[in-house]
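*Asks:* whatever this is, show me its structure:
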Amino acid sequence: MVGSAASALLASSEAHLPLLTLLLLPVLPFLRPDRKRTPPSTSDPGTRNALYVSVVLAIFTGAVTTHLQRGSMERDCRLHLADGAVGPVAGWFESAPGTGARPFYLMDGLGCRGTIRVLSSNRGPGIMPGVLVRGVGRWRRAGSQVATWPHTSDILELADASVNDTDPGARLARTRARLRGRVESRLRTLFPSTWPLASALILARKEGLDHDVRESFAIAGIAHLLAISGFHVGVVSMLVSMVVRQIGLGPRRTGMLSSAVTWLYVGFIGFPDAATRAALILTFVSVSRWRTRPPGALGAVATSLLVLFLVDPLSPARPGFQLSFAGALGLLIVAPPIRSRLDAAWLRRIPRPLKAGLAAGVGATLATAPIVAWHFGRVSLVGLPATLLAAPLVTVAIPGLLLTLAVSSIAPGLAQLLAGGTNLSLRALEMLAAGFAALPGASVWIGSVTLTGAILGGVGGALWARSGPHRIRRPVRSGVILLGVVSGVLGAPLIERALGSGTLEIVFLSVGQGDATAIRSPAGRWILIDTGPRGPTYDAGARVVVPYLRRRGVRRLETLILTHPDLDHIGGAASVMAEFDVGYVLDPARATGRDAYVDALEIAVERDIPWLEARRGFVIALDDVEIVVLHPSGPQGPGGMDANAQSVVVLVRYGEFEALLTGDATSEVEEALLRDLPTRLEVLKVGHHGSITSTSDALLLHTAPALAVISVGANNRYGHPDDNVVARLLTVGSRIFRTDRHGHVRVRARRSGLHEVVGAW
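*Replies:* Model (predicted):
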């Protein structure tokens with residue numbers, strides 16, 4: 001069966017032939033176990049080693065394929081259409097009407113095809129999924145783009161939308177979208193308050209989930225329950241098996257029918273990685289039982305990895321793919337030894353089902369923890385108990401949701417009754433996540449350098465323990481591996497600091513329409529200038545600044561400079577001050593009654609953080625770096641009492657390198673400071689997000705900055721940066737970087753003045 005599938009895949013893509021050859025070598029032994037011998041078990045070293053080789057080869061060849069295909073991927077029109085491009089478009093929505101941008105499949109128009117996000121100015125919000133829509137589309141560039149996920153590159157504004165469903169094209173895809181839309185609409189009717197969670201659990205649609213709900217699930221370590229994973233597929237398969245057995249079919253036919261129904265469900269929700277992997281494993285095991293051969297679990301995992309890789313060679317780069325297979329391997333490799341240790345004499349009173357659940361939870365958690373830490377920068381410490389309590393709720397909720405939907409068309413009254421009971425499970429799940437997330441120390445941030453050191457140290461310890469000339473008994477190996485992990489955790493930051501000695505870093509964070517600039521001294525100490533905006537649903541301090549600094553391993557800020565009390569500069573201050581030790585706060589003493597400013601003051605009082613007034617001549621000396629305050633000089637200075645005119649302006653000096661950070665200072669302030677500025681700047685943080693009120697000709701002609709960074713939000717309503725400002729910068733030869741297009745802009749500089757722009761950490 002696998003050979004036939006591989007042949008079909010190769011027929012559509014001959015370029016995969018060398019990759020298939022590499023991957024089949026370690027996988028083939030799993031596919032046909034010897035009838036005269038028992039199949040390899042999960043504890044057999046040969047089986048494990050072959051699987052390890054398969055995983056490594058898949059990741060390696062995935063990286064190679066990504067590199068080879070980068071040219072074609074980067075030519076995707078969704079990544080390169082000009083901002084503001086306008087033209088007729090046709091396609092269909094893929095989710096039910098709601099608020100905000102909706103997923104939309106662009107079938108024709110603007111020379112593009114693929115899934116995008118759409119905002120409609122008329123009728124669009126009321127159009128159901130799967131219905132062919134025609135209108136006029138205007139392309140808006142997104143703040144950041146990822147070449148392997150082009151659908152994140154844009155938002156299409158749809159005007160003059162009209163329904164034209166007579167075109168027979170793409171009937172199957174549109175029918176699927178229409179069915180999913182009907183199910184989502186039915187969920188909104190039956191579960192008016194919890195439909196976003198219900199939609200995530202059975203449709204893999206998370207657009208409607210509130211950010212706070214997502215955050216609570218992530219901190220509690222149960223975010224995987226919001227994705228359609230092997231757990232969900234297992235519940236669906238179990239339900240199908242229970243129904244089929246009641247009909248009287250044998251176990252072999254039950255397995256095959258269960259696999260078929262599971263594939264229909266996975267296809268209906270759009271073939272997400274984790275669900276597809278689980279369906280493949282279920283199919284391989286069912287086929288093995290049909291042929292009366294003992295199924296090999298590791299073989300099924302390896303083969304499903306191969307198939308998914310062949311279908312999409314870029315899939316191993318996705319976090320969901322990595323977490324899915326890491327969790328499966330954790331259940332098969334890590335959980336069994338944990339389960340055997342739970343059979344100790346002093347643990348005999350613990351029920352067997354609880355032992356099995358505990359071992360599975362620990363195994364999956366340990367296997368996925370490094371990947372979670374790498375991609376998201378934090379690890380939940382309450383994930384195991386939260387999962388053990390949440391899993392039964394999900395196990396009850398999924399059948400309840402499916403049964404409620406099935407009954408709603410036949411007996412609406414009974415459906416409402418079932419919905420009431422299922423809603424209790426959904427509410428309990430939300431409350432459970434919020435409760436665990438609120439516990440002190442529920443999750444910890446893991447710095448990238450620390451994590452890398454831990455992984456390398458653990459791998460080094462394992463290799464030394466297993467392949468050294470000496471013999472190390474099994475109980476001692478764990479100690480050796482743990483010693484390697486600890487050594488890596490302690491040594492990696494020291495090595496990173498040694499490698500970074502002599503280098504200054506200035507990181508302009510992409511916080512939207514606002515400012516936040518982090519400065520790292522050559523000795524690894526940090527200063528933060530501004531904290532980004534805050535609004536009813538978005539806090540840049542909590543969402544961007546804190547995660548970035550935590551991933552960099554930051555625990556203390558020597559100084560927090562708040563240039564002026566506008567919300568787009570101080571909005572995230574309270575979140576930042578609550579998370580880090582802060583030496584002192586420096587601001588222009590322009591007190592305001594805004595909530596963000598008052599919150600920051602209250603935290604400063606609560607944590608005994610000194611609050612100092614920024615005035616001309618104030619100098620911050622940090623590891624051979626000087627940060628000199630040039631403005632304000634007092635209420636009578638240039639610009640008067642206007643908040644922007646009183647913005648803190650600083651000059652960063654490190655040897656021959658100089659950078660000017662102007663906040664929102666006006667042109668009048670800039671021109672008053674010319675006598676204090678060098679005639680050649682390495683870096684200019686463009687004032688007021690590129691507004692016409694700043695970055696004057698006089699400033700640019702005097703300083704001729706080599707590099708200009710504009711901190712600005714994508715498609716902002718102010719029209720920043722102004723075209724005239726951009727033209728001025730180009731006239732003096734400045735290289736321009738924008739946070740709305742380039743994301744975090746990270747500048748590294750040496751004392752000699754040499755500097756470079758590198759990718760975000």
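*Asks:* for stretch 393-410, C-alpha coordinates in CSV please.
*Replies:* Extracted in CSV, the C-alpha atoms of stretch 393-410 (Å, rounded to 0.1, in the frame of the first residue of the first chain):
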residue,chain,number,x,y,z
LEU,A,393,-13.3,17.4,29.6
VAL,A,394,-12.2,17.4,25.9
THR,A,395,-13.1,13.7,25.6
VAL,A,396,-16.6,14.5,26.8
ALA,A,397,-16.9,17.8,24.8
ILE,A,398,-16.0,16.4,21.3
PRO,A,399,-18.7,13.6,21.3
GLY,A,400,-21.1,16.1,22.8
LEU,A,401,-20.4,18.6,20.0
LEU,A,402,-20.7,16.0,17.2
LEU,A,403,-23.9,14.5,18.7
THR,A,404,-25.4,17.9,19.2
LEU,A,405,-24.7,18.9,15.6
ALA,A,406,-26.1,15.6,14.3
VAL,A,407,-29.3,15.9,16.3
SER,A,408,-29.9,19.6,15.7
SER,A,409,-31.3,19.0,12.2
ILE,A,410,-33.8,16.3,13.4
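*Asks:* per the record, what domains does this structure have?
*Replies:* 77-189, 448-499, 501-758 (automatic domain parsing).
*Asks:* let me have those in CSV, extended by distance to Gly435.
*Replies:* No exception for glycine: its C-beta is placed from N, CA and C like everyone else's. What follows is these, written out as CSV (distance: least, CB to CB, whole Å):
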stretch, distance to Gly435
domain 77-189, 25
domain 448-499, 28
domain 501-758, 20
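*Asks:* among those, which is nearest Ile338?
*Replies:* domain 448-499 (12.1 Å; CB to CB).
*Asks:* in this structure, what helix or strand scores lowest on average pLDDT?
*Replies:* Scoring the helices and strands of the chain by mean pLDDT, DSSP states H and E places helix 2-12 at the bottom, with a mean of 36.
*Asks:* can you pull out the helices in the stretch 351-500 of the chain?
*Replies:* Counting by DSSP state H, counting those that start in this stretch, the stretch 351-500 of the chain has helices at residues 352-376, 383-408, 412-437, 448-467, 474-500.
*Asks:* what packs against the first one?
*Replies:* Judged by 3 or more CB pairs under 8 Å, 6 or more residues apart in numbering; DSSP states H and E, helix 352-376 is in contact with helix 319-329, helix 335-341, strand 378-380, helix 383-408, helix 448-467.
*Asks:* out of these, flag the one nearest Ala419.
*Replies:* The nearest among these, by CB to CB, is helix 383-408 at 5.0 Å.
*Asks:* let me know the angle separating that closest one from helix 412-437.
*Replies:* Angle, helix 383-408 to helix 412-437, by axes from the mean of the first three to the mean of the last three CA atoms, to 10 degrees: 170 degrees.
*Asks:* what residues sit buried inside helix 383-408?
*Replies:* For helix 383-408, the neighbour count (16 or more other CB atoms under 10 Å) marks 383-384, 386-387, 389-391, 393-405, 407-408 as buried.
*Asks:* now do stretch 181-198
*Replies:* Applying 16+ other CB under 10 Å to stretch 181-198 flags 181, 183-188, 190-191, 194-198 as buried.
*Asks:* take those and keep only those in helices.
*Replies:* Of those, the ones assigned to helices by DSSP state H are Gly181, Val183, Glu184, Ser185, Arg186, Leu187, Arg188, Leu190, Trp195, Pro196, Leu197, Ala198.
*Asks:* can you tell me which of these lies closest to Val629?
*Replies:* Comparing those against Val629 with CB to CB places Pro196 closest, at 47.3 Å.
*Asks:* for the closest one, give me its contacts.
*Replies:* Lys206, Gly208, Leu209, Asp210, Val213 (CB atoms under 8 Å, 6 or more residues apart in numbering).
*Asks:* so how do I select the buried members of the residues you listed in PyMOL?
*Replies:* The following PyMOL line selects those of the contacts of Pro196 that are buried, judged by 16+ other CB under 10 Å:
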select buried, resi 206+208+209+213
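*Asks:* save the contacts of Pro196 as a markdown table, and put in pLDDT too.
*Replies:* Shown next, in a markdown table, are those (pLDDT from 0 to 100):
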| residue | pLDDT |
| --- | --- |
| Lys206 | 79 |
| Gly208 | 77 |
| Leu209 | 82 |
| Asp210 | 83 |
| Val213 | 87 |
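*Asks:* so can I have JSON lines of the contacts of Pro196 showing secondary structure and distance to Trp92?
*Replies:* JSON lines is the format used below for these (DSSP: H, G, I helix; E, B strand; the rest coil; distance: CB to CB, whole Å):
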{"residue": "Lys206", "secondary structure": "coil", "distance to Trp92": "20"}
{"residue": "Gly208", "secondary structure": "coil", "distance to Trp92": "19"}
{"residue": "Leu209", "secondary structure": "coil", "distance to Trp92": "23"}
{"residue": "Asp210", "secondary structure": "coil", "distance to Trp92": "26"}
{"residue": "Val213", "secondary structure": "helix", "distance to Trp92": "28"}
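*Asks:* closest one of the contacts of Pro196 to Arg543?
*Replies:* Proximity of the contacts of Pro196 to Arg543 (CB to CB) peaks at Asp210, which lies at 13.6 Å.
*Asks:* excluding its backbone neighbours, what's nearest Val213?
*Replies:* Glu430 (6.4 Å; CB to CB, 6 or more residues apart in numbering).
*Asks:* next one: that neighbour from Leu402, what distance?
*Replies:* Note on Glu430: its distance to Leu402, by CB to CB, to the nearest Å, is 20 Å.
*Asks:* what do you get for Pro412?
*Replies:* Using CB to CB, Pro412 is found at 17 Å from Leu402.
*Asks:* what does Thr739 give?
*Replies:* 44 Å.
*Asks:* cool, Val266 as well?
*Replies:* From Val266 to Leu402 the distance is 14 Å (CB to CB).
*Asks:* and Asp515, which of the three is it?
*Replies:* With DSSP: H, G, I helix; E, B strand; the rest coil as the basis, Asp515 sits in coil.
*Asks:* got the contact list for the nearest residue to it once chain neighbours are set aside?
*Replies:* Spatially, and ignoring its direct neighbours in sequence, Asp515 is nearest to Asp530 (4.1 Å; CB to CB, 6+ apart). The contact partners of Asp530, by CB under 8 Å, 6+ apart, come to Gly514, Asp515, Ala516, Thr517, Ile561, Leu562, Thr563, His569, Ile570, Gly663.
*Asks:* what's the answer for Ser237, then?
*Replies:* Ser258, Ser259, Val261, Thr262, Leu282.
*Asks:* check for me that it belongs to a helix.
*Replies:* Yes. Remark: Ser237 belongs to a helix, assigned using three-state DSSP.
*Asks:* I'd like to know how far it sits from Leu388.
*Replies:* Ser237 is 21 Å from Leu388, by CB to CB.
*Asks:* can you check Glu558 too?
*Replies:* Distance, Glu558 to Leu388, by CB to CB: 42 Å.
*Asks:* again, but for Val183
*Replies:* 30 Å.
*Asks:* now Ser162
*Replies:* 52 Å.
*Asks:* Pro547 now?
*Replies:* With the distance defined as CB to CB, Pro547 ends up 27 Å from Leu388.
*Asks:* pick the most deeply packed of the domains of the chain.
*Replies:* domain 501-758 (a mean of 20; mean count of other CB atoms under 10 Å).
*Asks:* no more questions from me, cheers.
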